[in-house]
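Q: please find the sequence and the predicted model below.
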Amino acid sequence: MKHRRITKRRTAIAGAGVAAAVAAALTLQNADASPAPAPSPELLSAPAATKLASQVASDLGADTAGSYYDTEAKKLVVNVVDKAAADKVRAKGAVAKIVQHTLSELNSARETLADKATIPGTSWSVDPRSNKVVVTADRTVKGAALNRLNTVVDGLGSKVELERTAGEYRTFIAGGDAIHSGGGRCSLGFNVTVGGESAFITAGHCGKKGSEWSESAGGTAIGTMQDSQFPGNDFALVKYSGSTQHPSAVDLYNGSTQSIAKAGEATVGQKVQRSGSTTQVQDGEVTGLNETVNYSEGTVEGLIKTTVCAEPGDSGGSLFAGDTAVGLTSGGSGDCSSGGTTFFQPVPEALEAFGAEIG
């Protein structure tokens, strides 16, 4: 009897040991099954960030609310409105920033501005850094026009922010090398080919279809403007006379040039340079995309907003990042002594409109 009691006790002890081992194993398995840490954001160049931003916007659609390139951290920041979308963004190698307003809400605010506040001397675009539509009014907007603008902006609440600039929005007709026509001086943007023929693109506000252009005032014509779109857009195409090929390169005004191999879209935060016949080479940063600008001549949409300065005669000149053509100088405010804001027509849109390629 005593022997049997000892056996039972040992069996119970053994059973308890097995249970403890199983519990420990389950605890270890649970520990091993904990969620893996989120991947670290990738270090990216500006072109790589632009490519990733396009991929994220395509894959996530309405789940994103804009993006920008953090030049100091060298990372792409993507705005989202919930945690699930944030997890998807991190999985793709970008920084996720949870914000208040969806892109749809901000675009709706833009539509309200276009309907109720299209006033010469104003501009607006979505600022991904602040998650707002930033409206800017130049010094000519005052009195009843300013009151109307303030009323519309106040009605849109936290989605919109109003800023003032001391300058005056204007096109820069008076940018690369100088080109001349009866209407004044502008700057060549980029050499292109259309159906195998050499041409160049410049700003649409520089001239009209059929106008002739030369390298010096009153000089021999080097080409004829085939098409010009302004307002609405701000680009034009000039076909060269003769059959000489003109490779695409930007004058750096130091005895050298920058070869241009392709066209690309801009990214907020991207560092860029501009070449123009008045102020030569200037640099700055992209601060806005899809900007609506209300010039006195009419409204132009879809422009790139930058901190690069420009002056009359720089119109049409080249905005570029390394060997990539980015924009054509449209207009803005300020000058290269005090600084200012300059808007650019995106190059890819102009190339598509003309069926052109970088030459």
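A: The structure has been received and is ready for your questions. Numbers count the residues shown, from 1 in each chain.
Q: parallel or antiparallel, list what pairs with the one helix or strand Thr329 maps to.
A: Taking DSSP states H and E as the criterion, Thr329 maps to strand 324-335. Sheet pairing of strand 324-335 (DSSP bridges) gives strand 170-171 (antiparallel), strand 262-263 (parallel), strand 318-321 (antiparallel), strand 339-346 (antiparallel).
Q: how about those strands in JSON lines, adding mean neighbour count and mean pLDDT?
A: (C-beta placed from N, C-alpha, C; glycine too.) Putting the strands paired with strand 324-335 into JSON lines (neighbours: other CB atoms under 10 Å; pLDDT from 0 to 100) gives the following:
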{"stretch": "strand 170-171", "mean neighbour count": "22", "mean pLDDT": "92"}
{"stretch": "strand 262-263", "mean neighbour count": "19", "mean pLDDT": "96"}
{"stretch": "strand 318-321", "mean neighbour count": "28", "mean pLDDT": "98"}
{"stretch": "strand 339-346", "mean neighbour count": "25", "mean pLDDT": "96"}
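Q: output those as CSV; include the columns distance to Gly189.
A: Putting the strands paired with strand 324-335 into CSV (distance: least, CB to CB, whole Å) gives the following:
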stretch, distance to Gly189
strand 170-171, 14
strand 262-263, 11
strand 318-321, 5
strand 339-346, 9
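Q: for Leu106, find the nearest of those strands.
A: strand 339-346 (19.2 Å; CB to CB).
Q: next secondary structure element downstream of the closest one?
A: In N-to-C order, the element after strand 339-346 by DSSP H and E is helix 347-354.
Q: using PDB, write out every CA atom in the longest strand along the chain.
A: Counting residues, the longest strand found in the chain (DSSP state E) is strand 280-295. Extracted C-alpha coordinates of strand 280-295, given in PDB (Å, rounded to 0.1, in the frame of the first residue of the first chain):
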ATOM      1  CA  GLN A 280      21.600  82.800 -65.200                       C
ATOM      2  CA  VAL A 281      21.700  79.800 -62.800                       C
ATOM      3  CA  GLN A 282      19.800  79.900 -59.500                       C
ATOM      4  CA  ASP A 283      18.800  77.100 -57.100                       C
ATOM      5  CA  GLY A 284      16.100  76.400 -54.600                       C
ATOM      6  CA  GLU A 285      13.600  73.800 -53.500                       C
ATOM      7  CA  VAL A 286      10.200  72.600 -54.700                       C
ATOM      8  CA  THR A 287       7.600  73.700 -52.200                       C
ATOM      9  CA  GLY A 288       4.300  72.800 -53.900                       C
ATOM     10  CA  LEU A 289       2.800  70.800 -56.800                       C
ATOM     11  CA  ASN A 290      -0.400  71.200 -58.900                       C
ATOM     12  CA  GLU A 291      -0.400  74.900 -58.100                       C
ATOM     13  CA  THR A 292      -3.200  77.100 -59.400                       C
ATOM     14  CA  VAL A 293      -1.900  80.600 -60.300                       C
ATOM     15  CA  ASN A 294      -4.200  83.400 -61.200                       C
ATOM     16  CA  TYR A 295      -2.200  85.800 -63.300                       C
END
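Q: which parts of the helix or strand just after it are buried?
A: Sequence order places strand 298-306 as the next helix or strand after strand 280-295, per DSSP H and E. With burial defined by 16 or more other CB atoms under 10 Å, the residues of strand 298-306 counted as buried are Val300, Glu301, Gly302, Leu303, Ile304, Lys305, Thr306.
Q: what's Phe230 in contact with, if anything?
A: Ala203, Gly204, His205, Ala236, Glu297, Gly298, Val300 (CB atoms under 8 Å, 6 or more residues apart in numbering).
Q: which residues of this protein score low on pLDDT?
A: Applying pLDDT under 70 to the chain flags residues 1-39, 173-176, 183.
Q: so where do the helices sit in it?
A: All helices of the chain, identified by DSSP state H, fall at 2-32, 46-60, 83-91, 103-116, 143-155, 347-354.
Q: and the two most separated of the buried residues of strand 298-306?
A: Within those, Glu301 and Thr306 form the most distant pair, 16.5 Å apart (CB to CB).
Q: so which of the strands paired with strand 324-335 comes closest to Pro41?
A: Ranked by CB to CB, the member of those that lies closest to Pro41 is strand 318-321, at 21.4 Å.
Q: good, we can wrap up now.
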